[in-house]
Structure formats: structure tokens, C-alpha cells
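A.B. asks: Provided below are the primary sequence and the corresponding predicted coordinates.
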Amino acid sequence: MNAVNTVDAVESPDYEYKYWAFISYSHRDERWARWLHHALETYRIPKRLNFPTSTRGGGPANDRIYPVFRDRDELSGGFDLSERITAALKQSRFLIVICSPSASKSRHVCDEIDTFESLGREHRVLCFIVDGEPGASSSPGPAAAECLPPPVRTRRTRDGALVPCEPIAADVREGKDGRTNAKLKLIAEMLEVPFDVLKQREGRRRLRRRLQLAGATLAVCVAALASYLLALDAGFRGPGGTTLRRVADRHGMSLLRPVPANAIVADKARELSTRLAQQIVSARKGDWLLSNPNDGIVMVWSHAQGLFGLLSAPDATVPAAEWLAPLLTAPFTSDQKIERDAVKYGWLAESGDPSPMAPPTLWTAMSLAAALRVDPFPTAGARAQTRAHFEYVQEALDPYHTDTAGGWTLFAYQVDRSDDDPYATTLALMALLETRRAGLPWRGSVERRDALIRHAAAVLIKQFDARRQPPGWMSGNQSLVNTSEGLTLQIYGRLLDARSQMGLAIPPPIAAEIPRLLMRIAENGREFGSDNGEYSIPIRLGLESVNVKDSVYFLSYPWAIDCAARWLASEDAHTAAIEDRVAIERELAHLVVDLGNQASSEAEKGGTFYSAEMLYGLSAVRGNSGR
């Protein structure tokens, strides 16, 4: 063996070693060199091997195969390549030769092997075969396939003769050791332990890693599933969300959708009612409640709604008689009051309209009935005047009602008196129930009052459209496509009130739809939904028939509160599925506690009618025993 440099052939003690190994390779095998370099340096020596404090030549112990020298990395930019390579070889415990046909022809690789062996470390030269065929140069056939460099194919005897030898080799070629076993073979030689020990340890490590990976994957899946379930519980509209929320509610397992206590909801309703009442009071100008404090418009419709809202709120401070009496009287001195040929028709919706409408008159009836129920009057004369106004209103409502049909029309001068309108009939039922709640007769008879209540409820039940989605009632007679959510909620509340007061039956198909609509609102997040009812109705003016066009604005929010509170107080809630009851309790709390402040701000901008309807809706929450 001819060494390139003349060095001392006595092995250096291990404390002078800087590197575990020196990797020698041809430039064409750089990809394998990089892989092996990383594989060796990241391998940790197993503690259970009781690795000795010295390797073959003695020296300090190490917990991993680090560092490993690879000349292309270590000497980039070096100025004395030969000297530095020799120094690195001298400071390396082992020489690992990446064997391939390119390496066997590389003078650079051969010189590194000769230099390392000249240090007396022939037994520490390890081969890592990646390509070619070992021993091809001494067999018949092309020698170009030889992968072992010449210095590792021979060994010098004590007498100086060169003899063929079989080097220690790990083989990554297809069908041989494979990457993992080849790496372990090299490490086993470097640690002086049997290959099987490392292989078994590697098998256990791989099993442990697979178990850890499986555990981590399972943990991630469980965490992802838990996150998804929590998101569904919180209201995320994903697959299975409705079913999961219902199951959670049935068993009281919801974590992110707690239902506030009834006392919290009632306290918030009281706070909101006080704020809304102040908004209505602030709309007063003279003897009128303006439709909006900023517009100066006087309308009997919104004026009566405001009064009714103030008087229907439980525990609210009822305005003093000196404040209240002029407002109750104002509609009866208004130029919007219509009387013709000794027939009373009530009031116009707006000044200049061609025909009086039922809503202003019906809301006025409600405000007077509530005043007579609350009885804030200091004198019998003040009460008597209000009672006289109430009797006037009852007479003014006769043109809107026909005994044969039982329903109520929207316009006084309608050509077709049998064309009952759901909204007018709803307000009539509401006014009649307020009259009954006040203990007053209608047109001099409590029997007639109760009969009118039954007839109005029967008409509304007949007008219920179960074919629509969602089922309910239509508003207006133009472009009828969907039911009106606001009107449907208002009617549901009136039917529940009629059943509570008089025991009137609600057909099962309608009763079943009440909680469904409330839960659908919760699922769809349409708490502030609204819609318009567009009307075009022939009326008779003198000898002529003309179409009058108008629209009514229906709110969902106030009547959802009213409907939910009445349903929860009804017998249906006690017999319903637990998850349905909990869902509606949560929706009512959400409407009042979570959305109340925003809704109050919207009401302040929307005007007196919005504040009044919201105030009335909250009255059902606040537990007025009279409601």
C-alpha cells in the first residue's frame, strides 16, 4: 500500500479525535453522501446498550454519532486542501467510503483511503456500496462495474505483502441491505455491537414511532372532532349540527350555548322596557305621540300604538292622569277622524288617504281598553270619558266587520266586504282579547265580545297556509310568494293568548308549527327580519270604484319575543320534547339579553311604532299575570 503522505503509523489516542467518521466519496455520489451524513449525525446511541467509555482505540464516550466529516462541506473555501484533508483524516475514528464505479476510479477517494490506512487504521475502513458490483475487476466481464476502490480490495501483511481482502461493507443496492439496515451495519461496526441488537432496537423504535404517530394522529383527530363538535354546539351550520345541538339540549350537555336563568331574562326585559318607554314618552309633542320625534308627523296609528305600549307594560310607571288623559282624547278631536252620513269609520292611516283603515281604529281600541284595565284615572269623570271614547271606537269598527264572514277588512269602503284580511283580523282579535282582559263588553255584550273572539280565531285558522315554506299567513294581496314571518308570529301569539284566556283550541298542525318557526329563526339568525305586505284593493268612492294601494310593514323581532314567551308559558311547552323547550328558552334569552340593546337602538331610529311593538312583546316576558 502506497501512502500519499508520510505520517506516523501509530494510532492517535481517542481524545485527539475530532470526528466520529470521515466520509470519502466521488462527486457523482454527493446525494448519497449528504443522506448518510445526516443519517449518522442524527442517530442517538441507545442508553440501554451500556456503551463503553471507549471505542476500539479508547477515548471519551458519546451519546450520538457526531460530528461526521464530509469534505465538500467542511473544506469549502479552504486554501490548503491536501493538508486539511490529512488533518481531518487523522482526527477521524472511522473512514466510510461510499463505493460506486465512480468512486473506484477516483484518485481523490483512493488517496484519502491510503492516507487513513497509513495511520494504522485499516480495520476502521468501512464501505457503503451504492452502485456497481464488488469484485467485478477480478471476474470475467467488464471491470467498469467495479465499485470498490483499489485500496480497500487489498491489505498489507506484516511482511509488507499486499493480499486481497473482503472489506466490511454495507450495501444499499436493490435486493441487498436497504438504507436502514445498511446504516445500522455501519453504526454497529463503529459501536462494536452486534448488528441484530441495533436492528431489534430500530424495530422497537419504529414501532414506538408508529404508535406515537398513531397516537398523535388520533389526538389530532379527536381534537379536530372535538373542535368541530364545539363549533356545532356553538351554532356553526355544518353537517349534523342541528342533530347534535338537539341531542346536547336533550341531555343538558351544551357547553357553548348556556341558557340564562329566567330571572336574568326578566331583569333585562325590565331594563329594556324602561328604555323603550322613555323613547315613546320623548316622542310627545303637545297632545300627540309623534310617529318619530324627528319628523313631526302626527298619525293616529302610531300614536295609539305608543299609548298601548306604555299601558300594556307590566310594572311600568303608568303616566299620571294629567299626562295621559289629553293623549287618550286627542284622536277624537283630530281632523283625521271620518264620519259620513251619520256612520263612524274611525281614522285615516295618513292625512289625505282616500279611505279610512282598520289598523288606526283597532290600535286606538287597544289603547283605550288597556287604560280602562289599568285605571289610572283620579276621578270617575275621567274614566267615564275614556269609556265613552271606547264605545265610540267599537261603533267605528262596525264597517270593518261582517257577522256572516266573521273576519275583518282592511279598508272601510271596500267593494268586497267579504274579503277578510289576516292582518286586520289579527288586530281585531288582539283588541277583543284586550277588551276581555279589561273585563269590558263589546257593543254592550260580553257574549258578543266572546263570540267575536271565537269567530276571528276561526277565520285566522282557516286562512293558515300549510303548503308554504314555512307554513303561516300571507300579508297583502300582491305578489304573494312567501308567508310573512312577522305577521305569522303575531298571529301565533294571539292564538296562544286566546287559548289561555278562553280555552280556544289550536289545531295540532298549527300548534306544531309554532316551535318549529321559533327554532327556524334561531337556526337562520333572522332575528331582525321584516317584510312588507303590499295591498291593492277596490274601494267605492261615491258612485266610482277605484283601487287603493297601500303597504304594511311587519316586524319579526318584537313578535318573536311575544310568541316565544307565550309558548313557554303554555301547556305545549310542558308536553314538548326537552330539546324543543330548551331551544326556545335559549332563543328567547338570545333575543332579549343578547340582542336587546341593539334592538332598542333600532327602535329609537325606527320610530314610535317599533318601540311600542317591542315594548308590548317584552310585556309577555316580564310575567304580567294579566297578560
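C.D. replies: Thanks, I have the structure now.

A.B. asks: quick one: contacts of stretch 444-459?
C.D. replies: Contact with stretch 444-459 is made by 401, 405-408, 420, 425, 428-429, 432-433, 435-436, 440-443, 494-495, 498, 502, 504, as judged by CB atoms under 8 Å, 6 or more residues apart in numbering. Using the backbone N, CA and C atoms, a C-beta is placed for each residue, glycine as well.

A.B. asks: please pick the buried ones from the residues you listed.
C.D. replies: Buried members of these, counted by 16 or more other CB atoms under 10 Å: 401, 406-408, 420, 425, 428-429, 432-433, 435-436, 440, 442, 494-495, 498, 504.

A.B. asks: narrow those to those in helices?
C.D. replies: Among the buried ones among the contacts of stretch 444-459, the members found in helices (DSSP state H) are 425, 428-429, 432-433, 435-436, 494-495, 498.

A.B. asks: for the residues you listed, which one is nearest Ala511?
C.D. replies: Ranked by distance to Ala511 (CB to CB), those are led by Leu495 at 8.5 Å.

A.B. asks: assign the nearest residue to that closest one once chain neighbours are set aside to helix, strand or coil.
C.D. replies: By the measure of CB to CB, 6 or more residues apart in numbering, the closest residue to Leu495 outside its immediate chain neighbours is Ile506, 5.2 Å from it. Per DSSP: H, G, I helix; E, B strand; the rest coil, the secondary structure class of Ile506 is coil.

A.B. asks: for Ile506, give me the pLDDT.
C.D. replies: On pLDDT, Ile506 comes in at 97.

A.B. asks: which residues touch it?
C.D. replies: Ile506 neighbours (CB under 8 Å, 6+ apart): 461, 495-496, 499.

A.B. asks: likewise Val582?
C.D. replies: For Val582, counting by CB under 8 Å, 6+ apart, the contacting residues are 249-250, 252, 259.

A.B. asks: roughly how far apart are Ser302 and Ser367?
C.D. replies: Relative to Ser367, Ser302 is positioned 11 Å away (CB to CB, to the nearest Å).

A.B. asks: more neighbours, these two?
C.D. replies: Neighbours per residue, other CB atoms under 10 Å: of Ser302 and Ser367, the larger number sits with Ser367, 30 against 26.

A.B. asks: could you say which helix or strand holds that one?
C.D. replies: Per DSSP states H and E, Ser367 falls inside helix 358-374.

A.B. asks: need the next SSE after that helix, C-terminal direction.
C.D. replies: Sequence order places helix 380-396 as the next helix or strand after helix 358-374, per DSSP H and E.

A.B. asks: residues touching that next one, excluding its own?
C.D. replies: 321, 325, 328-329, 332, 344-346, 361, 364-365, 368-369, 371-372, 375, 377, 440, 442-443.

A.B. asks: one more pass at 6 Å, please.
C.D. replies: Contacts to helix 380-396, defined as CB atoms under 6 Å, 6 or more residues apart in numbering, come from residues 321, 325, 328, 332, 344, 346, 361, 364-365, 368, 371, 377, 442-443.

A.B. asks: quick check: angle from it to helix 358-374?
C.D. replies: If you take axes from the mean of the first three to the mean of the last three CA atoms, to 10 degrees, helix 380-396 sits at 150 degrees to helix 358-374.

A.B. asks: tell me the centre residue of this structure?
C.D. replies: Ranked by distance to the mean C-alpha position of the chain (CA atoms, centre = their mean), the top residue is Phe236 at 3.1 Å.

A.B. asks: let me know the pLDDT of that one.
C.D. replies: In this prediction, Phe236 carries a pLDDT score of 72.

A.B. asks: in three-state terms, label it for me.
C.D. replies: Phe236 ends up coil, using three-state DSSP.

A.B. asks: now do the same contact list for the closest residue to Pro260 other than its chain neighbours.
C.D. replies: Closest residue to Pro260 apart from its sequence neighbours, by CB to CB, 6+ apart: Ala589 at 4.6 Å. By CB under 6 Å, 6+ apart, the contact set of Ala589 is 259-260, 265.

A.B. asks: so which of the residues you listed wins on neighbours?
C.D. replies: Within the contacts of Ala589, Val265 tops the neighbour count with 22 neighbours, counted by other CB under 10 Å.

A.B. asks: ok, that residue to Phe528 distance?
C.D. replies: To Phe528, Val265 is 19 Å away according to CB to CB.

A.B. asks: for the stretch 251-400 of the chain, which spans come out with low pLDDT?
C.D. replies: Along the stretch 251-400 of the chain, the model assigns pLDDT under 70 to residues 314-321.

A.B. asks: likewise for the stretch 101-250 of the chain?
C.D. replies: Within the stretch 101-250 of the chain, the segments meeting pLDDT under 70 span 141-143, 160, 235.

A.B. asks: which parts of it are helices?
C.D. replies: Counting by DSSP state H, counting those that start in this stretch, the stretch 101-250 of the chain has helices at residues 101-104, 107-117, 150-153, 178-191, 195-234, 241-250.

A.B. asks: please name every helix or strand in contact with the fifth one.
C.D. replies: What it means is helix 195-234. With contacts taken as 3 or more CB pairs under 6 Å, 6 or more residues apart in numbering; DSSP states H and E, helix 195-234 sits against helix 178-191, helix 241-250.

A.B. asks: give me the element Ile537 is part of.
C.D. replies: In this assignment (DSSP H and E), Ile537 forms part of strand 530-541.

A.B. asks: same deal with Leu588?
C.D. replies: Taking DSSP H and E as the definition, Leu588 sits inside helix 578-589.
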